[in-house]
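**Q** Show me the folded form of this:
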Amino acid sequence: MKTRKADWLRDGKIRILLQTGLTPHPDLKATPRVYDLVKSDEIRQIWDLILAPKQMSRPYALPPGVPAERVAALRLAFERLVMDPTFLAEMERTGTEVTFMAGSEIERLISRIYAFPPSAVERMIEAISSRSTAR
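**A** Numbering: from 1, shown residues only. Here you go, the predicted model:
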């Protein structure tokens, strides 16, 4: 909405009622998050499974066995890119919002969600399935 319909936000034509994301958006500090409504760890896991891809956006993955030095060099290159003034100016010009999640954070997130019990995965699939029935 911020980039495609900024005028709607600016002119008050729409109001964002709820944030979906593992972390709150810095521009929406007063807007409640879906996690504010979650009442159990089991339901939180389901939302984590649904929202983790959004948090990671478009991660780069390497095959197993890549030397640690190469992984570190690639991570550093991405970290530098998202701080580069020329890159940031181009993203501003195109209206592209830039957020960065470090490779180590993505790795921790993936490890955490892969550790969820199969029942959480099954409930998430049921929740997003077109065959899902209202409870």
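
**Q** so residue 124 sits right up against residue 44, yeah?
**A** No: using C-beta atoms under 8 Å, residue 124 makes no contact with residue 44, being 11.4 Å away. C-beta here means a position set from N, CA and C on the backbone, and glycine is covered the same way.

**Q** Neighbour count for the two, which is higher?
**A** Taking other C-beta atoms under 10 Å, residue 124 and residue 44 do not tie; residue 124 has more neighbours (18 against 14).

**Q** Next one: the more buried one from residue 53, what distance?
**A** 12 Å (C-beta to C-beta, to the nearest Å).

**Q** for this structure, what are the low-confidence residue spans?
**A** The chain contains residues with pLDDT under 70 at 131-135.

**Q** can you give me the strands for it?
**A** Counting by DSSP state E, one finds no strands in the chain.

**Q** At the geometric centre of it, which residue do we find?
**A** residue 55 (1.0 Å; C-alpha atoms, centre = their mean).

**Q** and residue 14, how many neighbours?
**A** 10.

**Q** which ones are touching it?
**A** 1, 5, 8 (C-beta atoms under 8 Å, 6 or more residues apart in numbering).

**Q** Next up, the contacts around the first one.
**A** Put plainly, it is residue 1. 8, 9, 14, 16.

**Q** One more: the second one?
**A** Applying C-beta under 8 Å, 6+ apart, one finds that residue 5 lies in contact with residue 14.

**Q** and the gap between it and residue 11?
**A** 10 Å.
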